[in-house]
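In: Fold the following.
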Amino acid sequence: MFEKLKKLKFDGKIVVLPDFFLDRIIKINSKDELFRMINSKTTIGGGSIRGANTFDIKGGNAVNVAYCLAKMGLSVTLFTVADKIGTPILHAIFSKFGTSVNLLIKNGKHGSTTSFEFHDNEESYANVMISDVGDNKNFGPEMISLPNDLEIINSAKCIVLTNWGSNLKGTDLAYHLFTNSPKAFHFLDPADIETRKEEFRDTLKKLSHSIDVLSINENECTSLLKACNLDSRLSLDLNDIENVKKAVKTLSSEFGLKIDLHTKIGAAWSDGKDVLFVNSFNTVPKKLTGSGDCWDAADLLGYFAGFETTERLLFSNAYASLYIGKREFEPPAIAEAVDFIQAHYQ
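Out: A predicted model of the protein is given here:
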């Protein structure tokens with residue numbers, strides 16, 4: 001693995017799109033504590049709840065994946081949407097990477113999210129996000145139809161399409177992107193599809209031949225299982241390794257495409273015939289937002305570097321584990337992930 005990383009020379013552009021959000025993270029000890037504070041304030045007619053830990057950060061799957069890839073030293077073109085407030089923020093965020101990042105920002109309303117992170121204890125944690133998706137929900141082919149846009153897409157070595165779940169034009173966008181980049185590696189991470197799971201099922205059936213990798217988490221996996229009526233014969237408990245392996249293999253066979261599945265307990269890959277699983281690292285999360293985007297970026301690097309499947313899943317798990325194990329909202333460097341694996345993997 002380490003020798004492959006040293007020899008990696010990826011001389012093409014990676015196109016990532018389309019969502020950008022400004023996120024406010026609010027850390028609360030528990031859901032019960034939040035409800036008690038709300039009830040206390042509403043009984044007296046309202047007021048401020050003080051003392052919560054809050055953080056304002058860049059957000060959006062596309063922006064986060066693009067940032068991680070740039071941090072890894074890869075050349076990235078990011079297509080997204082932002083207004084006059086969000087645009088200078090994006091330029092400031094990516095300025096450190098110089099010419100290796102090309103920002104193509106369409107004028108519109110970027111998204112905004114308030115994310116409540118509940119840390120009840122070391123074994124129980126979750127995040128609940130309240131979002132205004134803005135114009136991310138209407139990011140269709142017309143947003144990237146200029147001759148220069150099409151030239152960039154056609155010449156890309158990799159197309160990374162994220163957050164289909166928030167984009168009502170996501171299927172049209174995927175078809176537009178993938179048909180206009182026949183030589184590129186096509187990577188799709190749909191994000192939360194629960195309210196549109198049947199539509200996404202149909203999208204996969206339509207586009208499976210042009211998708212190289214579908215990346216999903218356990219929630220998206222169970223949504224797809226239900227959409228395909230597979231939940232009647234497969235367990236939705238993805239805290240069990242065998243259940244994870246059966247789920248990813250069944251879905252891969254169902255759609256005829258390769259799937260990378262990342263869960264709390266580990267990551268799995270299947271092509272519908274074979275299946276591999278690699279355990280997660282035992283890390284106490286310091287934050288709950290953005291780990292899936294870090295995992296995707298590391299997964300992509302593994303493909304570019306020619307990792308074996310087990311190596312790629314191991315590296316992705318380590319990279320995401322490092323990210324959630326620190327309070328800072330900065331992804332790790334490649335060397336940190338390598339050192340982490342050498343120190344913790346037997």
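
In: quick check, distance from whichever helix or strand Gln342 is part of to the centre of its chain.
Out: Applying DSSP states H and E as the criterion places Gln342 in helix 334-344. Its chain's C-alpha centre lies 21 Å from the corresponding centre of helix 334-344 when counted by CA atoms, centre = their mean, to the nearest Å.

In: Tell me the secondary structure at the spatially most central residue of the chain.
Out: The residue at the geometric middle of the chain, judged as the C-alpha nearest the mean C-alpha position with CA atoms, centre = their mean, is Asp293 (3.3 Å). When the structure is reduced to helix, strand and coil (DSSP: H, G, I helix; E, B strand; the rest coil), Asp293 reads as helix.

In: what residues are up against Glu218?
Out: Glu218 makes contact with 238, 244, 261-264, according to CB atoms under 8 Å, 6 or more residues apart in numbering. For glycine as for every other residue, the C-beta is placed from the backbone atoms N, C-alpha and C.

In: SS state for Gly73?
Out: Local secondary structure at Gly73 is given as coil here, using three-state DSSP.

In: doesn't Ser100 make contact with it?
Out: Yes - under the criterion of CB atoms under 8 Å, Gly73 makes contact with Ser100 at 7.5 Å.

In: returning to what we had before: what's the distance between the residue nearest to the centre of the chain and Leu34?
Out: Distance of Asp293 to Leu34, computed by CB to CB, to the nearest Å: 25 Å.

In: can you give me the helices for the stretch 201-346 of the chain?
Out: Per DSSP state H, counting those that start in this stretch, the stretch 201-346 of the chain has helices spanning 218-227, 241-255, 291-305, 309-324, 334-344. These are given in chain order.

In: Show me what counts as buried in the first one.
Out: Yep, that's helix 218-227 we're talking about. Taking 16 or more other CB atoms under 10 Å as the neighbour-count basis, helix 218-227 is seen to contain the buried residues 218, 220-227.

In: what residues are up against Ile26?
Out: For Ile26, the contact set (CB under 8 Å, 6+ apart) comprises 52-54, 114-117.

In: 10 Å instead?
Out: 34, 49, 52-55, 114-118, 127-128 (CB atoms under 10 Å, 6 or more residues apart in numbering).

In: could you say which helix or strand contains it?
Out: strand 21-28.

In: Distance check, the residue of the chain positioned farthest from its centre against Arg36.
Out: Ranked by distance from the centre of the chain (CA atoms, centre = their mean), the top residue is Ile44, with 41.0 Å. Shown here: Ile44 relative to Arg36, a distance of 14 Å by CB to CB.

In: same question, Asp299
Out: For Asp299, the distance to Arg36 equals 40 Å [CB to CB].

In: Those two: which is more packed in?
Out: The residue with more neighbours, out of Asp299 and Arg36, is Asp299; 27 against 11, by other CB atoms under 10 Å.

In: For Lys264, give me its contacts.
Out: Neighbour list for Lys264: 125, 217-218, 238-239, 280, 285, 291 [criterion: CB under 10 Å, 6+ apart].

In: Ile105 against Thr87, yeah?
Out: Yes - the criterion here is CB atoms under 10 Å, and Ile105 meets it with Thr87 at 5.3 Å.

In: hey, what's in contact with both of these two?
Out: With contacts taken as CB under 10 Å, 6+ apart, Ile105 and Thr87 have 20, 80-81 as neighbours in common.

In: Weed out the non-buried ones from the residues you listed.
Out: Applying the neighbour count, that is 16+ other CB under 10 Å, the buried entries in these are 20, 80-81.
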